[in-house]
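[1] Below is the sequence, then the predicted model.
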Amino acid sequence: QVQLVESGGGLVQAGGSLRLSCAASGSIFSINTMGWYRQAPGKQRELVAVISSGGFTNYANSVKGRFTISRDNAKNTGYLQMNSLKPEDTAVYYCNADIRTTPIANYREVWGQGTLVTVSS
């Protein structure tokens, strides 16, 4: 059983910072793309940032220059450093990863349970 567990969410004032972590566990052979998504109350889930296995990154325009996605392949862990947080960043943040459990298995998309980030004004 492969699972993703997020941590690092919480309450922060506008202008502050938080660092989210996403740890993958279970029978893992390799992880392809890792990403962070968020869903604010009453809104659809949206992409925040993604990072490839080779380290290529892509960000939503709303977070460019403020958020940084990274990963530690040896630890099967992804990170999202969030700086200069704004009230509109308030949402549940979900980790997502494409994981292969054996050398011949297909990559399967796995989601974490989410972690709440609340930014007060």
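    Perfect, I can see it now.
[2] For residue 111, see how far away the residue positioned nearest the centre of the chain is.
    The residue lying closest to the centre of the chain (CA atoms, centre = their mean) is residue 36, at 2.9 Å. Separation of residue 36 from residue 111 (CB to CB, to the nearest Å): 11 Å. For glycine as for every other residue, the C-beta is placed from the backbone atoms N, C-alpha and C.
[3] Just say helix, strand or coil for the residue nearest to the centre of the chain.
    strand (DSSP: H, G, I helix; E, B strand; the rest coil).
[4] quick one: the strands in the chain?
    Per DSSP state E, the chain carries strands over the ranges 3-7, 10-13, 18-25, 30-39, 46-51, 57-59, 67-72, 77-82, 91-100, 108-111, 115-120.
[5] In a markdown table: these, plus mean pLDDT.
    Shown next, in a markdown table, are the strands of the chain (pLDDT from 0 to 100):
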| stretch | mean pLDDT |
| --- | --- |
| strand 3-7 | 96 |
| strand 10-13 | 98 |
| strand 18-25 | 98 |
| strand 30-39 | 98 |
| strand 46-51 | 98 |
| strand 57-59 | 98 |
| strand 67-72 | 98 |
| strand 77-82 | 98 |
| strand 91-100 | 98 |
| strand 108-111 | 97 |
| strand 115-120 | 98 |
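[6] these two touch, right, residue 96 and residue 32?
    No - counting by CB atoms under 8 Å, residue 96 does not reach residue 32; the two are 10.9 Å apart.
[7] Same drill for those two, tell me which one is more crowded.
    residue 96 (19 against 13; other CB atoms under 10 Å).
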